[in-house]
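> give me a 3D structure for the following:
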Amino acid sequence: MKKILVLICLVTSVATFAQTGVTFKETKHSFGKIKQNIPATYIFNFTNNSAKPVVIEVATAECGCTTPVYSQAAVAKGKTSTIKVTYNAANPGTFSKHVTVKFANINPPTVLTIEGEVEVAKAKTK
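So this is what the prediction gives:
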């Protein structure tokens with residue numbers, strides 16, 4: 001009987017956890033090869049699976065070369081929203097950058113990743 005009770009509690013807690021919070025369609029995007037000095041942007045989509053509206057408290061990029069843009073409006077239960085992440089592509093070479101997204105009253109934060117390779121811009125000829 002004790003084992004059945006523990007199993008029921010475990011299943012209930014797993015089901016509850018799966019139905020709460022925010023789910024991103026994807027948390028990683030590869031741009032592949034991009035041209036130097038031409039910013040690259042990707043839009044991450046997420047769904048509010050919690051019982052209440054959610055608000056993004058902050059989305060922080062790990063460096064100044066990456067800029068997240070998001071709405072500060074509450075996202076209702078079952079609705080979707082987006083976070084637009086732009087990489088400035090100033091420096092040639094491979095890159096992998098992270099944006100940490102913190103939702104109010106939801107732990108832990110979600111880390112979004114963009115990656116790719118910036119190809120050196122060709123010199124303009126006169």
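> pLDDT value on the residue nearest the centre of the chain, please?
The chain has residue 112 as the residue nearest its centroid, 3.6 Å off, counting by Cα atoms, centre = their mean. At residue 112, the pLDDT value in this model is 98.
> who's in contact with it?
24, 27-29, 44, 68, 83, 85, 98-101 (Cβ atoms under 8 Å, 6 or more residues apart in numbering). Where C-beta positions appear, they are placed from N, C-alpha and C, glycine not excepted.
> repeat that for 10 Å
Residue 112 sits next to 24, 26-29, 42, 44, 46, 59, 61, 66, 68, 83, 85, 97-101 when contact means Cβ atoms under 10 Å, 6 or more residues apart in numbering.
> do residue 77 as well
If you count contacts by Cβ under 10 Å, 6+ apart, residue 77 has them with 47-54.
> 7 Å - rerun?
By Cβ atoms under 7 Å, 6 or more residues apart in numbering, residue 77 lies in contact with 48, 50-53.
> which among those residues gets closest to residue 91?
Closest approach to residue 91 among the contacts of residue 77 (Cβ to Cβ): residue 48, at 35.9 Å.
> filter the contacts of residue 112 down to the ones in strands?
24, 28-29, 42, 44, 46, 59, 61, 66, 68, 83, 85, 97-101 (DSSP state E).
> buried ones among those residues?
Neighbour counting with 16 or more other Cβ atoms under 10 Å marks 29, 42, 44, 46, 59, 61, 66, 68, 83, 85, 97-99, 101 as buried within these.
> which residues of the protein score low on pLDDT?
Within the chain, the stretches with pLDDT under 70 are 1-20, 124-126.
> from the contacts of residue 77, pick the one nearest residue 34.
The closest of those to residue 34 turns out to be residue 48 (Cβ to Cβ; 31.3 Å).
> apart from its neighbours in sequence, what residue is nearest residue 22?
Leaving aside its chain neighbours, residue 22 sits nearest to residue 46 (5.2 Å; criterion: Cβ to Cβ, 6 or more residues apart in numbering).
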